[in-house]
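Engineer: Sequence first, then the predicted structure, then my questions.
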Amino acid sequence: MAAADIRRRRALTAAVACVLTLVAAGQAPRARASVSGPASAQVTEKSYNWGGYILRQPGLTKITAHLRVPVADCTAQGDGQYTNAAFWIGLDGGLPTGQNTSIEQAGVDVNCLEEVPQYNAWWEVEGPSEDSGSNTIPKTVRAGDFIKIAVEHVSGAQFRFNVVDYGPVDNTDGQPVWNVETFATVPGIVTPQLNSAEAVVERPVDGRWLYPLTRFGDFDFLRVKVNRAALRDYPEADLVRKQLVQNTGLDPSGANLLADTGPLLEGAGDAFHILWRHYGTTRTP
C-alpha cells in the first residue's frame, strides 16, 4: 500500500534542522547467517517509514519484545549530517491507510548528528487528531544494551508502558540497570481498536520531512510475543511483512530498499532480523 501508516513524528530544534543535508546511499554490511522456516507472511507491503512485522487480528491487548540497542555508524555521513531510526513495538496503528484511530508504542531511537551517535528510550500515544508527543524516558541508553519493552492495554483508552534496560548482558532474570513503568491514556475521545500489533524499525517523520535512515547494520527483534504467543503461532494470513523503501512506487530492491525485513527465524518463531541497506535521501512523505 501507499504506506500512510500512523507514525511517530519527531520534533527537531532549529539548530539541528539547519544542518540537515542529503546523504548518499552507502554500502550494506553483510547479513549474519540465519536459518529461516517457511514463508513468514502471505502479505508483503512496502512502506516509506516502517519495516518489520504487523499482526492484524481482533483482540490484541499486549505485546512484549527484547532488543539489543544497535551501534549507530555515524562516521560515513560527514559533518552536518542528521540520520535517525526508531526501533519499537506497539498496539494499534497497523491497519491500512485511513483505518487507524490510535497508536500506542514504546522503543529506542538511534540517531546521528554531526557524526555523534545519540540513543534514547521513549513511549508515545497518539489519537486520530491529537498527538501527545514522544515522551523521552530520562535514563541513559547505550549501544549494546539489552532492552525489554511491554505495551499493554489496561482498560478503556488507558495503556501501560514498561521499558527495562539490563545493560550489556542479556540477563533478563537479573537486576536491571533501570526500569520505567508508566500509564497513559490516548488523547481525545477514542475507543482503541486493539486489532493490530507491531514490531518495527521506523524512519520517523518530522513534520513534512523524512531524513536518512541511521546505518544500524543487522538488527534483531527477539522474543516478540503478542498476547503471550509467538508471531509464528498466528495464521500466516494475519501477518504482514513490511519492507522499508525510499519510494513505495518502486520495487523493494536495489537502492530503493532501505531496510530489509527477514523471515521469522526457526525455533520459537518469535524473532526476526532487519538488515540496513541504504540511507535514502531526505524527502517529504
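Structural biologist: In hand now; what should we look at? Numbering: from 1, shown residues only.

Engineer: quick one: low-confidence ranges for this structure?
Structural biologist: 1-42, 77-80, 129-132 (pLDDT under 70).

Engineer: quick one: buried residues of stretch 108-124?
Structural biologist: 108-113, 117, 119-124 (16 or more other Cβ atoms under 10 Å). For every residue, glycine as well, the C-beta is placed using N, CA and C.

Engineer: quick one: strands adjacent to the helix or strand where residue 241 lies?
Structural biologist: Taking DSSP states H and E as the criterion, residue 241 maps to strand 239-245. Paired neighbours of strand 239-245 in the sheet (DSSP bridges): strand 43-47 (parallel), strand 50-56 (antiparallel), strand 257-261 (antiparallel).

Engineer: Which one, of these, ends up nearest to residue 81?
Structural biologist: Checking the strands paired with strand 239-245 against residue 81 by Cβ to Cβ gives strand 257-261 as the closest, at 15.8 Å.

Engineer: ok so, going back, what would the strands paired with strand 239-245 look like in JSON lines with distance to residue 229 and mean neighbour count?
Structural biologist: Converted to JSON lines, those look like this (distance: least, Cβ to Cβ, whole Å; neighbours: other Cβ atoms under 10 Å):
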{"stretch": "strand 43-47", "distance to residue 229": "19", "mean neighbour count": "19"}
{"stretch": "strand 50-56", "distance to residue 229": "10", "mean neighbour count": "25"}
{"stretch": "strand 257-261", "distance to residue 229": "20", "mean neighbour count": "24"}
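
Engineer: out of these, which comes closest to residue 92?
Structural biologist: So among those, strand 50-56 is nearest, using Cβ to Cβ, at 10.7 Å.

Engineer: what element comes up after the closest one heading to the C-terminus?
Structural biologist: Counting by DSSP H and E, the next helix or strand C-terminal to strand 50-56 is strand 62-68.

Engineer: Neighbouring strands of that next one in the sheet, and parallel or not?
Structural biologist: Here, using DSSP bridges, strand 62-68 pairs with strand 146-155 (antiparallel), strand 218-226 (antiparallel).

Engineer: Columns distance to residue 285 and mean neighbour count on top of the ones you listed, output as CSV?
Structural biologist: CSV is the format used below for the strands paired with strand 62-68 (distance: least, Cβ to Cβ, whole Å; neighbours: other Cβ under 10 Å):
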stretch, distance to residue 285, mean neighbour count
strand 146-155, 24, 18
strand 218-226, 23, 21
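
Engineer: Kindly reformat the ones you listed as CSV containing distance to residue 71.
Structural biologist: What follows is those, written out as CSV (distance: least, Cβ to Cβ, whole Å):
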stretch, distance to residue 71
strand 146-155, 14
strand 218-226, 10
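
Engineer: what separates stretch 223-230 from the chain centre, distance-wise?
Structural biologist: Relative to its chain's centre, stretch 223-230 lies at 16 Å (Cα atoms, centre = their mean, to the nearest Å).

Engineer: hmm, who's touching it?
Structural biologist: The list of residues contacting stretch 223-230 from outside it, by Cβ atoms under 8 Å, 6 or more residues apart in numbering, reads 53, 55, 59-66, 89, 197, 199, 231, 234, 268-272.

Engineer: just stretch 240-257 next, same as before
Structural biologist: For stretch 240-257, using Cβ under 8 Å, 6+ apart, the contacting residues are 1-3, 25, 40-41, 43-56, 94, 200-201, 203, 213, 258-261, 263, 277-278, 280-281, 283.
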